[in-house]
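[1] Have a look; sequence and predicted model below, questions after that.
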Amino acid sequence: MSSLPTKASTNGTSSDGDTGHILHSMLLFAEVLRGLGLDVGSGNVLDLVRATEYSPIGRKQDFYHAARCLLVHRKQDMPLFDEAFQVFWRKPKTRTTTQNIRSMGEQTRFRKPQVAPPPGAETGTEGGSAGENDDAGGSVDLTRTYSAREVLREKDFSEFSTTEINQSRRMMAELTWKMDLRRTRRLIPGRGQQLDLRKTLRLNLKYGGEPIELARLTQKDKLRPLVLICDVSGSMERYTRMLLHFIHTISGEVKQVEAFLFATRLTRITRYLSHRGVDQTVDEVAKAVPDWAGGTRIGQALKTFNFQWLRRVLSGGAVVLIISDGWDRGEPELLAQEAARLQRSCHRLIWLNPLLGSPRYQPLTRGMQAAMPYVDDFLPVHNLNSLEALAKHLNSLSTKRQLGPHYRPKLQEEADTSEAVLPDSSPLDPRLAPTFRHPLWGRGR
Amino acid sequence: MTTTNMAPDSIDDVQNLLRQQSYVADRSLAVPIFLSLKLQRPLFLEGEAGVGKTEIAKALATGLDTDLIRLQCYEGLDINHAIYEWNHARQLLEIRLMEAEGGLDRKAATSNLFSDEFLIKRPLLQAIDSSRDKSPVLLIDELDRADEEFEGFLLELLADFQITIPELGTIQAVHRPIVIITSNRTREIHDALKRRCLYYWIDYPDFQKEMQIVTSKLPDAPRRLAEQVTGFIQELRQTELYKIPGISETVDWTAALLALNQKELDPSVIDDTLGIILKYQDDIELVRGEPVRAMLNRSRNQGPRRGRGGGGG
């Protein structure tokens, strides 16, 4: 047997290269990796055991590379693996037990939040808003049949109490979150143009090969993936909790969702969305996002997204939702440049602004001004009604590409129902003028 | 079910074998390749475009003196194009011929029409063809371009290297192919597939390694030019670019400069040939002119040094 695994030590006991010990160590190591959140199957461990049977794996470095290629299959897991490997497969100086290593894993995984979690609970305990809530509820019940639900639908998210958040969650989930379809190149049986020759031949053997019954194929439609990029900076604080609920709900309903949060830096939170309970999601997200309620640098965040994630998450004609109020402390030039890049790379770039709920709101902030020319749709997210309009909108982006001569975007109608403010009305800095014109602009209005 | 008797017996053998094909592999890559040959597991290579993922398969096939079967993936890739297809045109013709000869017996016709003769073998079926006398290298290139449905087919094939054709029966590999899967990570490949593979992330090389690659690919290039080009590219990779140039760009650029009879790099020639290494207008705008000069100076002053480490993400 190989000489390396003698270096392996388990529970501080002296090891003498005994097969049982090595196997035991490897199993323990796999368990440690699982504790760190790596996806290690028992088959992979068996492979590693088999790998050590080939004599050349005697050097520690070789063993390391072998273990890495067998046990890790995501690039982002590599640093965790390296750290675990360093700690686990070293000579026992002190009496380090697996208990210590396990607790190391726990520490990495459940780090203490660096910033306080969103002030969700506070809204409920605040005397003022709770009282208001009671009043509103009472008056509605007494006066007419107009239900409390209707009031809730029009109430701004920022005025929500905890109970209202919970109520609205159910209402959010009741909405049909179905993404628009994209035509793929995969062919399935249907009534399209293409012939399924194989099936046709089989069908027509009974007529002596005369093609009488034709089997046809059609292109398969697939749901578009959705990418959410949400602002959690200080100015958005009143909305963040509700928006996180929204993101959690939509990730449960739509099949392919990627979510990112940013204030000054971009953090990917997709992995936390798989929790069933929204509260656990919110807690973990709050721990994972270091710049919660900080300043805003939208341009920088979009740049990070474009450089690191765009190519990985925007395949398959994705729809991108940016949720932000547009208060930006960064350079507007950068924002314009990155928004343009993002728009060129996705199917549809939709900007959701909670401030748009107010009828007097004008997108005059520098950030908003810079990004506006590159936004396909500018919609509000301030109450449940606006979410319903959004759900409808996402479902009707039109299956085919909207470039044909017969295409008329449905923007008019949306402008009526959801008070969408369409871009290009306000004067712009000529330097920020788009270098690329979207084929939709200037049509259908 | 054995690999060829040519198979390398140690990690050093793997390195030597690849070096003979002028592919420079460091030990961290040689180990997975060696294990993939020994354990008969697919090797899953991920990395940015142009870091030499596809090259490995080619070098391995030549080094082992065996066939390279390549399957380029794309959206909608289906059984007909990846595994097998019936030659319908010939089948229809055959029916006519049978008719002309008189008496079209349905049963006989079916067994005749769906025989080996009318089968078009696509890459995956070619790879497990039982008439082979040694394991071929099967390269499944840019798997991320295919859709999830195709991963399903692949999972089935990689499990036991057999394919069932309803009309013909099951075809099983006598010599298991050496499977190399590459991905540019434009989407995440499903874990179920990756778990069955040996995973290796190919990073951009450091100065020393890239120099070795350039000189082994282009033995005619003057050492001074190769050094300057490599140094400049290494410097360029530190810049915040939308698309960082890969190794293939380095080699292409050196070849281009050779063709232009350049003995060494100077700012004006760099400006003129930036299109070979940078493929986005924004990136070209970002470095053209003064930044190029600064980078060139830095790369000249620093000389050989450590490469880009890790590279966020």
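    All right, it came through fine.
[2] For residue A:377, give me phi and psi.
    With angles defined as degrees, to the nearest 10, residue A:377 sits at phi -130, psi 140.
[3] Residue B:114 - nearest residue in space that isn't next to it in sequence?
    residue B:167 (3.6 Å; Cβ to Cβ, 6 or more residues apart in numbering or on different chains). No exception for glycine: its C-beta is placed from N, CA and C like everyone else's.
[4] What pLDDT is listed against that neighbour?
    The model reports residue B:167 with a pLDDT of 84.
[5] Repeat that for residue B:72.
    So residue B:72 comes in at 95 (pLDDT).
[6] For the lowest-mean-pLDDT helix or strand in chain B, buried residues please.
    In chain B, no helix or strand scores lower on mean pLDDT, DSSP states H and E than helix B:106-113, which sits at a mean of 76. By neighbour count with 16 or more other Cβ atoms under 10 Å in any protein chain shown, helix B:106-113 contains the buried residues B:109, B:113.
[7] How about it and chain A, touching?
    Yes. Counting by Cβ under 8 Å from any Cβ of the partner chain, contacts between helix B:106-113 and chain A involve B:106, B:109-110, B:113.
[8] just checking, what packs against that helix?
    helix B:88-100 (3 or more Cβ pairs under 8 Å, 6 or more residues apart in numbering or on different chains; DSSP states H and E).
[9] quick one: terminal-to-terminal distance for stretch B:192-200?
    With Cα to Cα, to the nearest Å applied, stretch B:192-200 spans 16 Å between its terminal residues.
[10] Could you pull up the mean pLDDT of it?
    Mean predicted confidence for stretch B:192-200 is 92.
[11] So, low pLDDT: which residues of the stretch 51-200 of chain A?
    Low-confidence segments of the stretch 51-200 of chain A (pLDDT under 70): A:55-58, A:91-150.
[12] what residues does the least confident helix or strand of chain B touch?
    Around helix B:106-113, the neighbours that count as contacts under Cβ atoms under 8 Å, 6 or more residues apart in numbering or on different chains are A:201, A:205-206, B:91, B:94-95, B:98.
[13] Flag every residue of the stretch 201-350 of chain A that's near chain B.
    A:201, A:205-206, A:208-209, A:222, A:306-308, A:311-313, A:315-316, A:337, A:341.
[14] Skip ahead from the longest helix seen in chain B and say which helix or strand is next.
    Criterion DSSP state H: the longest helix present in chain B is helix B:223-238. Downstream of helix B:223-238, the next assigned helix or strand under DSSP states H and E is helix B:247-259.
[15] The least confident helix or strand of chain B to helix B:88-100, inter-axis angle?
    Calculated by axes from the mean of the first three to the mean of the last three Cα atoms, to 10 degrees, helix B:106-113 forms an angle of 140 degrees with helix B:88-100.
[16] Closest one of the residues of helix B:106-113 next to chain A to residue B:299?
    residue B:113 (65.3 Å; Cβ to Cβ).
[17] mind listing what residue A:33 touches?
    Residue A:33 neighbours (Cβ under 8 Å, 6+ apart): A:40, A:71, A:80-81, A:84.
[18] Would you agree residue A:352 falls within a strand?
    Yes. Assessed by DSSP: H, G, I helix; E, B strand; the rest coil, residue A:352 belongs to a strand.
[19] quick one: the helices in the stretch 51-200 of chain B?
    For the stretch 51-200 of chain B, the helices defined by DSSP state H, counting those that start in this stretch occupy B:53-63, B:79-82, B:88-100, B:106-113, B:123-127, B:148-160, B:191-195.
[20] For residue B:224, find the nearest of those.
    Here helix B:53-63 is closest among those (Cβ to Cβ), at 25.5 Å.
[21] Mind checking the pLDDT average for that closest one?
    94.
[22] Give me the helices and strands touching that helix, please.
    Helix B:53-63 makes packing contacts with helix B:11-20, helix B:27-39, strand B:43-47, strand B:68-72, strand B:137-141, strand B:178-183 when contacts are defined by 3+ Cβ pairs under 8 Å, 6+ apart.
[23] How about the residues of the stretch 51-200 of chain B by chain A?
    So the stretch 51-200 of chain B meets chain A at B:74-76, B:78, B:80, B:85-86, B:88, B:91-92, B:95-96, B:99, B:104, B:106, B:109-110, B:113, B:144, B:147, B:149, B:184-188, B:191, B:194-200 (Cβ under 8 Å from any Cβ).
[24] Just the buried residues out of these, in ChimeraX syntax.
    To isolate the buried subset of these in ChimeraX, counting by 16+ other Cβ under 10 Å, use the following:
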select /B:76,78,85,86,88,91,92,95,109,113,144,147,149,184,185,186,187,194,195,196,197,198,199,200
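[25] Read off the pLDDT value for residue B:34.
    Residue B:34 is given a pLDDT of 94.
[26] burial of residue B:299, as a residue count?
    22 (other Cβ atoms under 10 Å in any protein chain shown).
[27] Which secondary structure state does it sit in?
    helix.
[28] doesn't residue B:232 make contact with it?
    Yes. In this structure residue B:299 lies within contact range of residue B:232 using Cβ atoms under 8 Å: 4.9 Å.
[29] can you list the domains in chain B?
    Annotated domains of chain B cover B:11-77+B:123-202, B:84-121, B:207-297 [automatic domain parsing].
[30] a markdown table for these, including distance to residue A:32?
    Listed next are these as a markdown table, based on distance: least, Cβ to Cβ, whole Å:
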| stretch | distance to residue A:32 |
| --- | --- |
| domain B:11-77+B:123-202 | 18 |
| domain B:84-121 | 45 |
| domain B:207-297 | 32 |
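[31] Please identify the deepest-packed of those.
    Mean neighbours per residue, mean count of other Cβ atoms under 10 Å in any protein chain shown, is largest over the domains of chain B for domain B:11-77+B:123-202, with a mean of 19.
[32] Over to it now: how far is its first residue from its last?
    18 Å.
[33] how about the strands in the stretch 251-400 of chain A?
    For the stretch 251-400 of chain A, the strands defined by DSSP state E, counting those that start in this stretch occupy A:257-262, A:266-268, A:319-323, A:348-353, A:377-380.
[34] just how off-centre is the third one within its chain?
    Its chain's average C-alpha position is 10 Å from that of strand A:319-323, according to Cα atoms, centre = their mean, to the nearest Å.
[35] for it, what is the average pLDDT?
    For strand A:319-323, the per-residue pLDDT averages 93.
[36] Please apply the same query to stretch A:382-398.
    In this model, stretch A:382-398 has an average pLDDT of 84.
[37] Buried ones in it, by neighbour count?
    Quick answer for stretch A:382-398 (16+ other Cβ under 10 Å): A:382-394, A:397.
[38] just to revisit the earlier point, quickly, which of the domains of chain B bottoms out on average pLDDT?
    Here the lowest mean pLDDT among those goes to domain B:84-121, at a mean of 82.
[39] Can you give the distance of that one from its chain's centre?
    37 Å.
[40] what about it, how long is it end to end?
    Note: domain B:84-121 ends 5 Å apart using Cα to Cα.
[41] Please apply the same query to stretch A:152-172.
    End-to-end distance (Cα to Cα), stretch A:152-172: 11 Å.
[42] shaky segments in the stretch 251-400 of chain A?
    In the stretch 251-400 of chain A, residues with pLDDT under 70: A:398-400.
[43] Residue of it closest to chain B, please.
    residue A:315 (4.6 Å; Cβ to the nearest Cβ).
[44] who touches that residue in this structure?
    Residue A:315 neighbours (Cβ under 8 Å, 6+ apart): A:225, B:144, B:186-187.
[45] which one of those residues sits closest to residue B:276?
    Taking Cβ to Cβ as the measure, residue B:186 is the one of the contacts of residue A:315 closest to residue B:276, at 23.0 Å.
[46] so the closest one makes contact with residue A:311?
    Yes. Counting by Cβ under 8 Å, residue B:186 touches residue A:311, with 5.4 Å between them.
[47] residues touching residue 73, list them.
    By default, I'm working from chain A. A:39, B:44, B:191, B:194-195, B:197, B:199.
[48] actually chain B
    Applying Cβ under 8 Å, 6+ apart to residue B:73 gives the contacts B:140-146, B:150.
[49] If we use 7 Å, what do you get?
    Residue B:73 makes contact with B:140-143, B:145-146, B:150, according to Cβ atoms under 7 Å, 6 or more residues apart in numbering or on different chains.
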